[in-house]
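Trainee: Structure for the following, please:
(3 chains)
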Amino acid sequence: MDARTVVEPAPHIQVESLTIVYEKPKAAGALIAVSNVNLDIARGTFVTIVGPSGCGKSSLLLSIAGLVKPASGCIRVNGKPVMGPGRDRAVVFQDFALMPWRTVIDNVRFGLELQRPPRLTGGDLTERACRYVELVGLKGFEHYHPHQLSGGMRQRVGIARALAVDPEILLLDEPFGSLDAQTRDEMGSELLAIWERNKKTALFVTHGIDEAIFLADQIVVMARDPGRITEIISVDLPRPRTAETTDSKRFIEYRKQIRECLGREQS
Amino acid sequence: MKFNEHSPPLRGGEYYRTLVSTITVMAFLAVWEFAPRAGIVDATFTSQPTRVVAAGLEIIRTGGFLHDVSVSLSEFALGFTLAIAVGVALGLALGRFPVLRYALDPPIMAIYATPHLALLPIIVVWLGIGMQSKIAVAFVSGVIPILVNAMAGVRGVDGSWIAAARSFSARESDVFLKVILPASLPSVILGIRLGLSRAVLGVVVAEMYQSQAGVGNEIMRYGSEFRTDYLLFDVLLVSLFGLTATSAVRALEERLWTAGE
Amino acid sequence: MKSAPGLVGIASFAVILLVWESAVRFGWINPFFVSQPSAIALSLSRAARSGELWHNVTVSLREFAIGYGLSVVIGILAGALAGRFRTVEYALDPFLWFLYSAPLIAFYPIFVLWFGLGVPTVIAMTFLLSVTQIATSTLKGIQSVNPGLLRAARSFGATDRDLLWKVVLPATVPMMTAGLRLGIGRALMGVVVGELFGATAGLGYSISYYGALLKTTDMIASLIVIVVLGVLCTQGLTAVEERFDSWRTF
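Mentor: Numbers count the residues shown, from 1 in each chain, chains lettered A, B, ... in the order given. The predicted structure follows:
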């Protein structure tokens, strides 16, 4: 089943008939991670993608990021096809992917250094990095190394690094997956607070149903074998989202809806 | 391209690896063989694969080398067995009893830092140029890695296993025999593997230095007689022995590691 | 509290020296075999004053520096190339493996054939013994770079050169320096053994020389100098490692 939401103006991200295939290293044949997926994402929306392991949600995200080449189909951002990574998109990874030898401030600078924005000096980059370090609440930790930080703090660095390049689209691949439940909840709220400031288009992959509902304007539910979208749910909960939101009747209904959808596909 | 980890792995990666490796080795052998023929190098200095093989066949046919090989083998066997016995016993003891470790650790580390072959002349002074000094060298070369690894093995035993055993009212000797010993076995075997090549090297070099018989002795003799082909054959023989022995131990290691999971 | 093991270590050494000295003085051990600390100390000061010690040390150190230095340059280069190009790795693999596991010292007579007795042979031996260690460690270092880091860098638009200089190189440093440290031990061995056999000067030579004269005291004195040098080099490298690898978690 493929679903399409069309919102004016033209969608920020368009995924058309996307198929992603991985070669199996030791076996014959290939693994179809994602099969013929279609998806439109409107500008400024927070979209979560939820589904079981192996449903291709990370692959979908990474191909939008330009890190995974699709076997067929097309991805467009602002109407232009995606050919690889770009300044308009930045990724936050599940394993943080921080350079262990760099300090916090240098890690946040990392993306900027690589993109080499014209007319900005090294000092400018550092100053900008400092601002984002403060934004994610790590002021004072600029000269720490990742191994001296907790998991939650490390991921804040990852988020700061992604935000520092000022992308149009924020792509988060199970960013809180390595964190304990409590930290995860805290980080979710903080992420929303940061997001509220500039309302970038955000794509957030997760395993957790509650997390998916809590954060999203829209939830994309996926199933596996083959990887595909089964349902797209618009979330009609008021922002800003609080602890009370999760106790509301609406929230529970959404949860039920998603559970049923996932359960259906499993049988 | 290597840096792109999303690129599919090399088609038939394993085959490519064997192919390239084989080709380079063949190329090397070819150059080795034909360079002297082309007059680029003097075969006295480099020998040739064919010559080495011929020398080897000659050696095997006349059987003269059997005596030397048996001398070397026995020196190695005796010395290394002693190294295992002492190394394992001491290593386990040091691992088990911190007091002993604190006392003996510095001198042991000092010996570890010494290039073990530098002790050769002293051992010869002590024990003469006969077999005893070679056995001693094999012992000294092999014992340290075994000891250090046995000690590390004991210390590395997961504390929760010991706690679990104790919670079932195990006696200390039981804890040692049933938990610590089996758990440290892989490290001990690793130490034995590391010590093995050192011991082989030790025996050969000791024989090269001062001896009346043995493979090392032979090697020096061939060298002084400029019989490069015979020399190379002997060297390759020693390498082969070392490699086979370490492979055997490694196979044992692998069985133990997987069994110990 | 952290210095406790250090203190115990020093105390342990002191005790051993004491026992050693007394054992010889009381006639329990024959000094011919192990000498005694006081005699060794005397021998060392004599050698230092006569310039013999410094001469040997400089000869050995020079051989070490050249042999080890060469192996660092070539080892890192070979390891880096092998890490970057799989074909190079597959091609070098059999040779590295052979050089690492074969008793290279047994090749000594061949080296003598090629380079003659003396310094060049020692340097050749030193080089060969340590180069494989360094090359292998560098290679492993490059191969063990976390692919997640490469992916993250690429997501921010890193070029291949960026990947090399900003990710691969820094990430390789721990394993590479570990290899450099291990290489020191092997290089030192190469120097000593090379000198044992056919040198006219150097610390290894002096052990052999005094050995022929059955002068244990002087032998042990030279041996101690070798050990001290080895420990100094290794500790020096460890200090460098710690300065640059403070971020290592392994």
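Trainee: can we go C-alpha only for contacts and neighbour counts from here?
Mentor: OK.
Trainee: now the helix or strand where B:Leu194 lies, how far from the chain's geometric center?
Mentor: In the assignment (DSSP states H and E), B:Leu194 maps to helix B:181-209. Relative to its chain's centre, helix B:181-209 lies at 5 Å (C-alpha atoms, centre = their mean, to the nearest Å).
Trainee: which helices and strands sit right next to that helix?
Mentor: When contacts are defined as 3 or more C-alpha pairs under 8 Å, 6 or more residues apart in numbering or on different chains; DSSP states H and E, helix B:181-209 packs onto helix B:65-96, helix B:131-155, helix B:215-224, helix B:228-259.
Trainee: Out of those, which one sits most buried?
Mentor: Among these, helix B:131-155 has the highest mean neighbour count (mean count of other C-alpha atoms under 10 Å in any protein chain shown), at a mean of 27.
Trainee: Quick one: name whatever helix or strand follows it.
Mentor: Downstream of helix B:131-155, the next assigned helix or strand under DSSP H and E is helix B:159-167.
Trainee: Can you spell out which helices and strands pack onto that following helix?
Mentor: Against helix B:159-167 (3+ C-alpha pairs under 8 Å, 6+ apart) you get no helix or strand.
Trainee: Reformat the helices and strands packed on helix B:181-209 into JSON lines and put mean pLDDT next to each item.
Mentor: What follows is these, written out as JSON lines (pLDDT from 0 to 100):
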{"stretch": "helix B:65-96", "mean pLDDT": "90"}
{"stretch": "helix B:131-155", "mean pLDDT": "90"}
{"stretch": "helix B:215-224", "mean pLDDT": "86"}
{"stretch": "helix B:228-259", "mean pLDDT": "83"}
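Trainee: TSV for the ones you listed, including distance to chain C?
Mentor: Listed next are the helices and strands packed on helix B:181-209 as TSV, based on distance: least, C-alpha to the nearest C-alpha, whole Å:
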stretch	distance to chain C
helix B:65-96	14
helix B:131-155	13
helix B:215-224	5
helix B:228-259	5
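Trainee: Minimum distance to A:Asn198: which of those helices has it?
Mentor: helix B:228-259 (52.9 Å; C-alpha to C-alpha).
Trainee: who's in contact with A:Ile13?
Mentor: Residues in contact with A:Ile13 (C-alpha atoms under 8 Å, 6 or more residues apart in numbering or on different chains) are A:39-43, A:75-79.
Trainee: and with 6 Å instead?
Mentor: By C-alpha atoms under 6 Å, 6 or more residues apart in numbering or on different chains, A:Ile13 lies in contact with A:40-41, A:76-77.
Trainee: A:Ile169 now?
Mentor: A:Ile169 is in contact with A:89, A:200-202, counting by C-alpha under 6 Å, 6+ apart.
Trainee: who's it bridged to?
Mentor: For A:Ile169, the beta-bridge partners under DSSP bridges are A:Arg89, A:Thr201.
Trainee: and it, how far is that from chain B?
Mentor: A:Ile169 is 22 Å from chain B, where distance means C-alpha to the nearest C-alpha, to the nearest Å.
Trainee: Which pLDDT value belongs to that residue?
Mentor: Per-residue pLDDT puts A:Ile169 at 94.
Trainee: And B:Glu5, by the same measure?
Mentor: Per-residue pLDDT puts B:Glu5 at 41.
Trainee: now A:Thr5
Mentor: In this prediction, A:Thr5 carries a pLDDT score of 58.
Trainee: same question, the one 10 residues further on
Mentor: For A:Val15, the pLDDT comes out at 91.
Trainee: And the next helix or strand past the host helix or strand of it?
Mentor: If you go by DSSP H and E, A:Val15 is part of strand A:13-23. Downstream of strand A:13-23, the first helix or strand assigned by DSSP H and E is strand A:30-41.
Trainee: Which strands border that next one, and is each parallel or antiparallel?
Mentor: According to DSSP bridges, strand A:30-41 forms sheet pairs with strand A:13-23 (antiparallel).
Trainee: in the strand it pairs with, what's buried?
Mentor: Buried residues in strand A:13-23, defined by neighbour count with 16 or more other C-alpha atoms under 10 Å in any protein chain shown: A:13-23.
Trainee: Considering those residues, which is situated nearest to chain B?
Mentor: Using C-alpha to the nearest C-alpha, A:Glu23 is the member of these that lies nearest chain B, at 6.2 Å.
Trainee: In contact with C:Leu139, which residues are there?
Mentor: Shown in contact with C:Leu139 (C-alpha under 6 Å, 6+ apart): C:79, C:83.
Trainee: part of a helix, is it?
Mentor: Yes: assigned with DSSP: H, G, I helix; E, B strand; the rest coil, C:Leu139 falls within a helix.
Trainee: hang on, the earlier thing: could I get the contacts of A:Ile13 as JSON lines with neighbour count and pLDDT?
Mentor: JSON lines is the format used below for these (neighbours: other C-alpha atoms under 10 Å in any protein chain shown; pLDDT from 0 to 100):
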{"residue": "A:Asp40", "neighbour count": "19", "pLDDT": "92"}
{"residue": "A:Ile41", "neighbour count": "23", "pLDDT": "92"}
{"residue": "A:Arg76", "neighbour count": "17", "pLDDT": "92"}
{"residue": "A:Val77", "neighbour count": "18", "pLDDT": "92"}
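Trainee: coming back round to it: pipe the helices and strands packed on helix B:181-209 into CSV and attach distance to B:His116 per row.
Mentor: As requested, these are exported to CSV (distance: least, C-alpha to C-alpha, whole Å):
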stretch, distance to B:His116
helix B:65-96, 14
helix B:131-155, 6
helix B:215-224, 17
helix B:228-259, 18
